[in-house]
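[1] coords below, sequence missing:
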């Protein structure tokens, strides 16, 4: 099979995976495995590669995604334990009590709670933590739920850049590097994003106040916060007496991720072991905790392993290189070096059409290859795509957590996109410019 036909096979493979994912025909893991298997059979049937060579490609691809899958498994478990012991609930209850009747205070607390809630990297869990806690306050103060969602998704998009966040892990697995290595490079852009998220909260708080939002005279929401705290302390798995220990442990894990030259999954393994031993006695209870968080962990890990099959077939066979050659030939030479900036600017609109897996496992490898033809470091392309795309993750209609968020807030998804799209796009462009200013991205 010549290079052009191999490239056509590659485009057809990616297109089929994207169609299966966008139409919700099957889960991502099955889409990657089934379509990649068909492509592998075609390669063998045409005599392009032998079965043993295809096996080596797949083995190499799965080996490349294994560290990322391991990281996700143990990061989900660790932050799940911290949720079970009530650490996040206690912090959030304390924050909500301090808001008082300040509209701007409510929006800032919304941002902070969303950031804290998104430490586990889960969009659904963050919405479940933030919206039920804050929506009653927004209603009492006559604030728009679309503002609540906008502040949430801006904060979540920034926090989703953590090394155990789905997009960062996917990009790292495509690059073939540790997720915390990629995170270390984009940290300056994330820091700017955090400032922008807080500024977003302040700005929209002022806007809501000018619209007449505020707590009616004589009313307060402190009681609901106290009730939330009592409910948290009454949970069977809550460990309020170990709150200080769990805070210190969480901070220690994050600090070790930043400063210790150890695999990030190993740090989470150790953190999980300590958290389970200290908070829950006996194998029966520990087993119950692990099983309660196995669902999302297995789903993402299976997706990452299946993506390894896809990447192995596509990359090691040279298909990605041939696809990149064709695309590179369509791009004017003068524009090639600016590819990271171009794709960064277009990432938010593209997010509305591509789900996370098709974006990072379909588009990213091809665009990295195209950039490489123009002398662009693949890391540069990946950073631009992961940072700018993250900003719009939770306004995308092809991201399931988006529907949970709008459902909890009682907002139509079209209204959510209408209220958030251009603001989020602006945030992504500012983060992109920050990458240029700090030297993370280079022209």
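    That came in fine, so what should we check first? For clarity, every value in this text was computed on a predicted model and none was experimentally measured.

[2] now residue 196: how far from residue 287?
    From residue 196 across to residue 287, the span is 42 Å (CB to CB, to the nearest Å). Where you see a C-beta, it was placed from the backbone N, CA and C, and this is true even at glycine.

[3] pull the longest helix from the chain.
    helix 51-84 (DSSP state H).

[4] Averaged pLDDT, that one. What do you get?
    Averaged across helix 51-84, pLDDT comes to 85.

[5] what does the strand or helix carrying residue 274 contact?
    Assessed by DSSP states H and E, residue 274 sits inside helix 264-279. Contact partners of helix 264-279, identified using CB atoms under 8 Å, 6 or more residues apart in numbering, comprise 67, 70-71, 73-75, 77-78, 81-82, 84-85, 163-164, 178-180, 239, 242, 245-246, 249, 252-253, 256-257, 260, 286, 289-290.

[6] Pull out the buried residues from it.
    Within helix 264-279, the residues scored as buried using 16 or more other CB atoms under 10 Å are 264-265, 267-272, 274-276, 279.

[7] rewinding a little: which other helices and strands does the longest helix of the chain contact?
    When contacts are defined as 3 or more CB pairs under 8 Å, 6 or more residues apart in numbering; DSSP states H and E, helix 51-84 packs onto helix 28-45, helix 166-175, helix 179-210, helix 243-259, helix 264-279, helix 283-292, helix 294-316.

[8] between these, which one is nearest to residue 429?
    Distance to residue 429, taken as CB to CB, is lowest for helix 179-210 among these, at 10.7 Å.

[9] Show me how far the closest one is from its chain's centre.
    Taking CA atoms, centre = their mean, to the nearest Å, one finds helix 179-210 lying 15 Å from the centre of the chain it belongs to.

[10] Report the rounded mean pLDDT for the host helix or strand of residue 88.
    Element membership for residue 88, per DSSP H and E: helix 87-98. Averaging pLDDT along helix 87-98 yields 74.

[11] so what secondary structure elements neighbour the next helix or strand after that helix?
    Using DSSP H and E, the helix or strand that directly follows helix 87-98 along the chain is helix 103-117. Contacts defined by 3+ CB pairs under 8 Å, 6+ apart place helix 103-117 against helix 87-98, helix 123-140, helix 145-159, helix 179-210.

[12] nearest to residue 423, of the helices and strands packed on helix 51-84?
    helix 179-210 (7.3 Å).

[13] domain parsing for the chain?
    The record's domain split for the chain, according to automatic domain parsing, is 3-65+303-437, 69-165+178-296.

[14] From residue 301, how far off is residue 61?
    15 Å.

[15] and the nearest residue to residue 65 once chain neighbours are set aside, what is it in contact with?
    Sequence neighbours aside, residue 308 is the residue nearest to residue 65 in space, at 3.7 Å (criterion: CB to CB, 6 or more residues apart in numbering). The contact partners of residue 308, by CB under 8 Å, 6+ apart, come to 58, 61-66, 173.

[16] measure residue 308 to residue 68 for me?
    Residue 308 is 9 Å from residue 68, where distance means CB to CB.

[17] which neighbours do these two share?
    In contact with both residue 308 and residue 68: residue 173, using CB under 8 Å, 6+ apart.

[18] For residue 125, which non-adjacent residue is closest in space?
    Beyond its immediate neighbours in the sequence, the residue positioned closest to residue 125 (CB to CB, 6+ apart) is residue 117, lying 6.7 Å away.

[19] what about that neighbour, how many neighbours?
    Residue 117 has 27 neighbouring residues, counting by other CB atoms under 10 Å.

[20] Can you verify my assumption that it contacts residue 132?
    No - in this structure, residue 117 is not within contact of residue 132 by CB atoms under 8 Å, at 11.0 Å.

[21] on that earlier part again, redo the contacts of residue 308 as TSV? Include neighbour count.
    Listed next are those as TSV, based on neighbours: other CB atoms under 10 Å:
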residue	neighbour count
58	20
61	25
62	18
63	12
64	22
65	27
66	16
173	25
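
[22] from these, which two are the most distant?
    The distance between the two most remote of these (CB to CB) is 14.5 Å, for 58 and 173.

[23] In terms of helix, strand or coil, where does residue 440 fall?
    With DSSP: H, G, I helix; E, B strand; the rest coil as the basis, residue 440 sits in coil.

[24] Tell me how many other residues crowd residue 140.
    The burial count for residue 140: 18, using other CB under 10 Å.

[25] Quick one: distance of stretch 84-101 to the chain centre.
    Counting by CA atoms, centre = their mean, stretch 84-101 comes out at 24 Å from the chain centroid.

[26] typo on my end, stretch 31-40
    Stretch 31-40 sits 25 Å away from the centroid of its parent chain (CA atoms, centre = their mean).

[27] So for that stretch, what gets flagged as buried?
    Neighbour-count burial for stretch 31-40, counted by 16+ other CB under 10 Å, picks out 31-36, 39-40.

[28] Give me the nearest residue to residue 119, chain neighbours excluded.
    Nearest one to residue 119, counting by CB to CB, 6+ apart, is residue 79 at 6.0 Å.

[29] hang on, the one you found packs against residue 118?
    No - the pair residue 79 / residue 118 is not scored as a contact, 9.7 Å apart, by CB under 8 Å.

[30] anything in contact with each of these two?
    By CB under 8 Å, 6+ apart, no residue touches both residue 79 and residue 118.

[31] how long is stretch 111-123 end to end?
    End-to-end distance of stretch 111-123 (CA to CA, to the nearest Å): 14 Å.

[32] Going forward, count from 393.
    Sure, I'll start numbering at 393, so the last one becomes stretch 503-515.

[33] Centre of the chain to it, how far?
    Distance, centroid of stretch 503-515 to centroid of chain: 11 Å (CA atoms, centre = their mean).

[34] Then stretch 775-795?
    Taking the mean of its C-alpha atoms, stretch 775-795 sits 8 Å from the chain's own mean (CA atoms, centre = their mean).

[35] And that stretch, what's buried?
    Of all the residues in stretch 775-795, those buried under the rule 16+ other CB under 10 Å are 775-791, 793-794.

[36] What is the end-to-end distance of it?
    End-to-end span of stretch 775-795 (CA to CA): 27 Å.

[37] Need the mean per-residue confidence for stretch 706-716.
    The predicted model gives stretch 706-716 an average pLDDT of 79.

[38] sorry, back to before: of the helices and strands packed on helix 495-509, give the one that comes closest to residue 405.
    Nearest of those to residue 405, taken as CB to CB: helix 571-602 at 25.2 Å.

[39] and the angle for the closest one with helix 558-567?
    Computed by axes from the mean of the first three to the mean of the last three CA atoms, to 10 degrees, the angle separating helix 571-602 from helix 558-567 equals 150 degrees.
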